[in-house]
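Visitor: Sequence first, then the predicted structure, then my questions.
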Amino acid sequence: MPGYLAIILHAHLPFVRHPEYEKFLEESWLFEAITETYLPLLQIMSGWHRDGMEPRLTLTLSPTLCVMLRDPLLKERYARHLDRLLELAEKELHRTHWEPAFQELATMYHQRLTAARETYLASDGDVVSAFRRFQDLGKLEIITTAATHALLPLMANHPPSVRAQILIACDHYRECFGCDPRGIWLPECAYFEGVEKILQEANLRWFTVDAHGLLHAKPRPRYGVFAPVFTPNGIAAFGRDLESSRQVWSRTEGYPGDARYRDFYRDIGFDLDFDYVKPYLPSPDHRGFTGLKYYRITGGPAEKQPYQRRDALQAADEHAGHFLKARMEQIQQLAGILDRPPLVVAPYDAELFGHWWYEGPEFLDFFVRKAYYDQKLFELITPEQYLRRHPTNQIATPSPSSWGEEGHWRVWLNEKNEWIYPHLQVAQERMTELVKRFPKPDALQSRALKQAARELLLAQASDWPFILRTNTSPDYARKRVKGHLLRFTSLHHQLTNGKLDEAALKKIEAGDNLFPEINVGYWA
């Protein structure tokens, strides 16, 4: 093969679980992603397996996402959510009887939701184990990320916190997948010099950085982003290819903006009579998304036109063909310049495929099939496979970087969210002090230490400053950060004063119940 292509999908959601409410708006983030992204991914991978295909895909399943996917309460709530969506789709079959264009779409939604439920039930509601099966078959490489997706460079002044984020993630990975992770998605592809020492301790072999993180490495990489480099301690850094990213991500050039694709925002939850859709809304008191959308992007100021599924699939097929042609031309050109097979690394948020871009799973399916059957210029590969075939690489130290706005930390550290970090710094230092103070805690002290660690991890999540920056659900993000920090502070006060409130602790444990076997020694 003249070259390789590594597609990496990063699946992550923040830990959102509210047993104190019968129905909670932000839990719909998980439910929408399962229906529109994770189950469709399982379906297309099942199709590849059925047809005897051997493509290789890399997928991050973040620890918080795995916890939620395996949580009995959330699994039960998702099953009810899916049943309600099917009920709504059945009602839509009747309501749209005299509207042929919408009747066809209602039928499509009913069929797709029925298939989603069949896929979910076939795995006994265990989406994590369903993905594990493909890894066990050798068709998928599942990697990890930091425990709660904390932006690690902003914790660099407290190495025990970085260490805890990474080592707890690896412990959780072993619990889920029965083996050690080999790769890690640094949250937001954010790298700082020194993180590789902790990656080495965790026995991780590779990570991803954005293009400029590799291009500005010292010394400069001989092959640009088209081959990994080894950090001085032997951890491989793979750089993102900008051209393949732009064709999917760009607002102006990206495929998802095609006028034939389904519009994300136009939903019957906003269009139809409120009393009709109320039982199916994520929050019963407010209009919101149901997932049933009848209009296409259309483009420009023109009135939205009805979604035409056949046209959208035709667009996905065309774009997959265009993407294939572009990768072939790119790799052929690079192969003529480089003295080794070029590697193109194409990382994306997994939720783009299906949730934000409804036809994304079909695009991926079309592309992988075309790449597998219709060309011989490149091979679909995982970074781990690449390192086995090419164990010799240049030694260089990447540049501090992220894939966020302006390439550094601005998204997560700005005037809207900077207030978080002084509080986090105090809590991080206090966590280390607690671990030193209680080297041999009794049973109740051990529970309190573990819960304090969970609250700190949850407060460190990069999702909250991101949401504050984008202003999507700022009140919820602010409440989450403050709530976790207040609970941590309360537990710290109780531990240091020797007066633990077991009833209050039990209540907190029931809510923020992730990582039951958490090792607080990592903060030492």
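Guide: Everything's here; your move.
Visitor: where do the strands sit along the stretch 351-500 of the chain?
Guide: Under the criterion DSSP state E, counting those that start in this stretch, the stretch 351-500 of the chain contains strands at 378-380.
Visitor: Can you give the domain ranges for this structure?
Guide: With automatic domain parsing serving as the domain definition, the record reports that the chain contains domains spanning 3-406, 412-523.
Visitor: Output those in JSON lines; the columns should cover mean neighbour count and mean pLDDT.
Guide: C-betas here are computed from N, CA, C, even on glycine. As requested, the domains of the chain are exported to JSON lines (neighbours: other C-beta atoms under 10 Å; pLDDT from 0 to 100):
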{"stretch": "domain 3-406", "mean neighbour count": "19", "mean pLDDT": "96"}
{"stretch": "domain 412-523", "mean neighbour count": "18", "mean pLDDT": "97"}
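Visitor: that's a helix at Thr60, yeah?
Guide: No: if the criterion is DSSP: H, G, I helix; E, B strand; the rest coil, then Thr60 is strand and not within a helix.
Visitor: who's in contact with it?
Guide: Neighbouring residues of Thr60 by C-beta atoms under 8 Å, 6 or more residues apart in numbering: Ile8, Leu9, His10, Ala11, His12, Ile142, Ile143, Thr144, Thr145, Trp185, Ala350.
Visitor: Show me where the stretch 251-400 of the chain has its helices.
Guide: According to DSSP state H, counting those that start in this stretch, the stretch 251-400 of the chain carries its helices in the segments 268-271, 274-277, 309-335, 360-373, 383-389.
Visitor: starting at the chain centroid, how far to the third one?
Guide: The chain centroid and the centroid of helix 309-335 are separated by 24 Å, computed with C-alpha atoms, centre = their mean, to the nearest Å.
Visitor: From the contact counts, what lies against that helix?
Guide: The elements that helix 309-335 packs onto, with contact taken as 3 or more C-beta pairs under 8 Å, 6 or more residues apart in numbering; DSSP states H and E, are strand 3-11, helix 100-122, helix 242-249, strand 343-349, helix 360-373, strand 378-380.
Visitor: go with 6 Å
Guide: Using 3 or more C-beta pairs under 6 Å, 6 or more residues apart in numbering; DSSP states H and E as the contact definition, the elements that helix 309-335 packs against are strand 3-11, helix 360-373.
Visitor: Check which helices and strands the shortest one is in contact with.
Guide: Translated: strand 3-11. Helices and strands in packing contact with strand 3-11 are listed as strand 57-61, helix 309-335, strand 343-349, strand 378-380; criterion 3+ C-beta pairs under 6 Å, 6+ apart.
Visitor: Generate a markdown table for the ones you listed, with distance to Arg133 as supplementary columns.
Guide: Below are those laid out as a markdown table (distance: least, C-beta to C-beta, whole Å):
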| stretch | distance to Arg133 |
| --- | --- |
| strand 57-61 | 13 |
| helix 309-335 | 26 |
| strand 343-349 | 23 |
| strand 378-380 | 19 |
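Visitor: wait, which of these is closest to Ile44?
Guide: strand 57-61 (9.8 Å; C-beta to C-beta).
Visitor: Sheet-wise, list the partners of the closest one with their directions.
Guide: When pairs are called by DSSP bridges, strand 57-61 turns out to pair with strand 3-11 (parallel), strand 140-145 (parallel).
Visitor: and the angle from that strand to strand 343-349?
Guide: Between strand 57-61 and strand 343-349, the angle formed by their directions is 40 degrees, by axes from the mean of the first three to the mean of the last three C-alpha atoms, to 10 degrees.
Visitor: C-alpha coordinates for strand 57-61, CSV please?
Guide: Extracted C-alpha coordinates of strand 57-61, given in CSV (Å, rounded to 0.1, in the frame of the first residue of the first chain):
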residue,chain,number,x,y,z
LEU,A,57,-11.6,2.2,12.8
THR,A,58,-10.5,3.9,16.0
LEU,A,59,-13.0,5.0,18.6
THR,A,60,-12.7,6.8,21.9
LEU,A,61,-15.3,5.9,24.4
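Visitor: Quick check: next helix or strand after it?
Guide: Using DSSP states H and E, the helix or strand that follows strand 57-61 towards the C-terminus is helix 63-70.
Visitor: and that next one, what does it pack onto?
Guide: helix 127-136, helix 159-177.
Visitor: Please state the backbone phi and psi of the most far-flung residue of the chain relative to its centre?
Guide: The C-alpha centroid of the chain is most remote from Trp98, which lies 40.6 Å away (C-alpha atoms, centre = their mean). Note on Trp98: backbone dihedrals following degrees, to the nearest 10 are phi -100, psi 10.
Visitor: hang on, the earlier thing: output the strands paired with strand 57-61 in CSV, with distance to Gly354 appended to each entry.
Guide: Supplementary listing: these in CSV, determined by distance: least, C-beta to C-beta, whole Å:
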stretch, distance to Gly354
strand 3-11, 11
strand 140-145, 17
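Visitor: closest one to Ile297 among those strands?
Guide: When the strands paired with strand 57-61 are compared for distance to Ile297 using C-beta to C-beta, the nearest one is strand 3-11, at 23.0 Å.
Visitor: can you list contacts of whichever helix or strand comes after the closest one?
Guide: Per DSSP H and E, the first helix or strand lying C-terminal to strand 3-11 is helix 28-33. With contact meaning C-beta atoms under 6 Å, 6 or more residues apart in numbering, helix 28-33 is reached by Leu13, Met68, Tyr78, His81, Pro282, Glu351, His355.
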